[in-house]
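In: Here is my input; please provide its structure:
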Amino acid sequence: AYVCVSPSLATELALCAGLDPKQKADSVSADEYARLHVQWRRWLAVLMGEEGDDFRAGRLKDGNWTVLYKEGVEAYVPQTEASHAEAAGGDSEMDIEAELAAMSKNQRGEGWLGEVSPINAMLDKYYAQLSAKEKFTQLHQVLLTKVQGRVRKVREKVRGFQERLADSVEYDQPKELADMLMANVHRYDGRAEEMVVEDFSGTGNMVTIPIDPFKGPVATAQGMYKRSQKLRRSAAALEPLLEEGQAELDYLLQVEVTLEQTSAFEGVADLQMLEDVRDEIIEAGYMRKSAALQLAETKASGGRKQGGRAKGKAQQQGKKGAALKAASEMSGTRKFVSPGGLPVLVGKNNRGNEHLTHNVAANTDLWFHVHGIPGSHTLLRLQAGQEPSEEDVQFAANLAAYFSRARGSTQSLVDCVSPKYIGRAKGGHLGMVTLKQNSEVKTIWARPDDVHQVAEAHL
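Out: Below is the predicted model of the structure:
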């Protein structure tokens, strides 16, 4: 008799013996009892430390785990009585052990995933995922709050530049009034606070010009000339500031879209992507390094003081860092296959967009981006002389619209162009581009919903 056996352990023993855990005791044959006894002996051996240094874990398709894995003896799922009969064989326990070790994949059942690791590795993986998810949630909230706050400030700054520039572009109007005033100064009677004169358009329209009676028409006109010059200088100064502010706003909106579309944790790769965004905005000066991050970087570099060995180690770590950076850049892209079998790459973040457009793209490829709003760079890879089908082009355009702020739209315009017409935008912001002059741009109506299922599978 078996005593001190929990229901979960009894289930594991039955599965590993090839039995149905729900099978009634009076229906178990002698051979099946012998096989169950083999698994019981294995369990006792594991407890006594005879099976190795640790438990061995295996995972089933239903998500449950077994800790009774052994090389050559794998977990079972409930099978039919017919399959049980086929799996049974051998009269002695030695025969049964040999039979279990030689069982084929078909005899093991379809529930086995083949994922095997020590129990401590399984727990490490579980808690690592849990820790990564918690870090992801915290970091996502910090980054989104920081970026959205910066977006509001920059948007207000841009609005201020636009309003001031709108006032400044009228710098010719004070000069024209001053010219009309000087042309009619002989008509001023010395007491009036305004003059009505004919404008220079030749239409006969009359214009009323205010005059300071204490200054007179000449001094009033000189003040108008000075104001005109001041407005002209202001306009010249505001235009580059507005351009710079708009470029900064476009960059921040792109980061915001990346964060908004990566709000759910699916795996450690999502945390790595957020850390890339964090590093990016730290480099851009929008965020300071935390004390914990500085300490981690110091430990990773082996401290500031470097002797001969330390310097060599630092060089090795530098090479490793370069390899990690390259891996990070590639991890910043999503990979799809078009209906015609062509590879389609989509940037996950600004670093991925930068790498995709300026390092990966060839002139034979096609580059896609949603028109006029933040979105991911999308690349349809083509060989020299290869012509994509309309279905392939539409697929890539749909992906470009889906991974953008136009995701919720029924239709959206997407620009399609050769990468040779893409240049880096002024301002040095990562992943920001501009179209060169005489670019041959094709505009496509994209349908984001058409790629919803295939896109969600890659999130």
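In: So the nearest residue to R187 once chain neighbours are set aside: helix, strand or coil?
Out: Leaving aside its chain neighbours, R187 sits nearest to M195 (6.9 Å; criterion: CB to CB, 6 or more residues apart in numbering). For glycine as for every other residue, the C-beta is placed from the backbone atoms N, C-alpha and C. Using DSSP: H, G, I helix; E, B strand; the rest coil, the structure places M195 in strand.
In: Let me know how buried M195 is, in neighbour terms.
Out: M195 sits with 19 neighbouring residues when counted by other CB atoms under 10 Å.
In: N359 too?
Out: The local packing of N359 (other CB under 10 Å) involves 10 other residues.
In: Okay, and the beta partners of P210?
Out: E194 (DSSP bridges).
In: quick one: contacts for the residue nearest to R187?
Out: Each residue near M195 by CB atoms under 8 Å, 6 or more residues apart in numbering is listed here: L181, N184, R187, Y188, T208, I209, I211, P217.
In: Ok, D450 next?
Out: Q394, N398.
In: One more pass at 10 Å, please.
Out: Counting by CB atoms under 10 Å, 6 or more residues apart in numbering, D450 makes contact with Q394, F395, A397, N398, L399, A401, Y402.
In: what's the first one sitting at in phi/psi?
Out: Right, the one you point to is Q394. Dihedral pair for Q394: phi -60, psi -40, per degrees, to the nearest 10.
In: give me the number of residues near it?
Out: Neighbours around Q394, by other CB under 10 Å: 20.
In: Can you tell me which of the contacts of D450 lies closest to V337?
Out: V337 has its nearest neighbour among these in F395, at 9.2 Å by CB to CB.
In: didn't that closest one look like it was pressed against V346?
Out: No - using CB atoms under 10 Å, F395 is not in contact with V346; the gap is 11.3 Å.
In: where exactly do the helices run in the stretch 351-459 of the chain?
Out: With DSSP state H, counting those that start in this stretch, the ranges of helices along the stretch 351-459 of the chain come out as 390-402, 452-456.
In: for the last one, packing partners?
Out: Here helix 452-456 is seen to pack against strand 333-337, helix 390-402 when contacts are counted using 3 or more CB pairs under 10 Å, 6 or more residues apart in numbering; DSSP states H and E.
In: S290 and M273, how far apart?
Out: Between S290 and M273 the computed distance is 18 Å (CB to CB, to the nearest Å).
In: Of those two, which one has the most company?
Out: M273 (21 against 12).
In: Neighbours of the closest residue to G204 other than its chain neighbours, how many?
Out: Leaving aside its chain neighbours, G204 sits nearest to E198 (6.5 Å; criterion: CB to CB, 6+ apart). By the measure other CB under 10 Å, the count of residues near E198 is 14.
In: Counting neighbours, which bits of stretch 262-282 end up buried?
Out: Within stretch 262-282, the residues that count as buried by 16 or more other CB atoms under 10 Å are 262, 265, 268, 270-278, 280-281.
In: now do stretch 166-177
Out: Neighbour counts over stretch 166-177 (16+ other CB under 10 Å) mark S168, Y171, P174, K175, L177 as buried.
In: before we move on, what about stretch 409-429?
Out: By neighbour count on 16+ other CB under 10 Å, the buried set for stretch 409-429 is S409, S412, L413, V414, D415, C416, V417, S418, P419, Y421, I422, H429.
In: Please apply the same query to stretch 143-159.
Out: Buried residues in stretch 143-159, counted by 16+ other CB under 10 Å: L143, L144, K146, V147, R150, V151, V154, R155, K157, V158.
In: okay, now V46: neighbour count?
Out: Close neighbours of V46, defined as other CB under 10 Å, add up to 17.
In: And the contacts of stretch 383-395?
Out: Residues outside stretch 383-395 that contact it (CB under 10 Å, 6+ apart): 336-342, 344, 362-366, 368, 378, 380-382, 396, 414, 416, 442, 444-447, 450-451, 454.
In: Just the CA atoms of it, as CSV, please.
Out: Extracted as CSV, the C-alpha positions of stretch 383-395 are listed here (Å, rounded to 0.1, in the frame of the first residue of the first chain):
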residue,chain,number,x,y,z
GLN,A,383,16.4,41.7,-54.1
ALA,A,384,17.9,43.6,-57.0
GLY,A,385,15.4,43.6,-59.9
GLN,A,386,12.6,42.0,-57.7
GLU,A,387,9.1,43.5,-58.1
PRO,A,388,6.7,43.0,-55.2
SER,A,389,3.1,42.2,-55.8
GLU,A,390,0.4,44.8,-54.9
GLU,A,391,-0.6,42.4,-52.1
ASP,A,392,2.9,42.5,-50.6
VAL,A,393,3.0,46.3,-50.8
GLN,A,394,-0.4,46.6,-49.2
PHE,A,395,0.6,44.2,-46.4
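In: For it, give the mean pLDDT please.
Out: For stretch 383-395, the mean pLDDT works out to 94.
In: Skip the chain neighbours and tell me the closest residue to L242.
Out: Nearest residue to L242 in three dimensions, chain neighbours excluded: F161, at 4.2 Å (CB to CB, 6+ apart).
In: tell me which element the one you found is part of?
Out: F161 belongs to helix 119-168 when assigned by DSSP states H and E.
In: same check, this time on A237
Out: With DSSP H and E as the test, A237 turns up in helix 216-260.
In: ok and that helix relative to helix 119-168, angle-wise?
Out: Calculated by axes from the mean of the first three to the mean of the last three CA atoms, to 10 degrees, helix 216-260 forms an angle of 160 degrees with helix 119-168.
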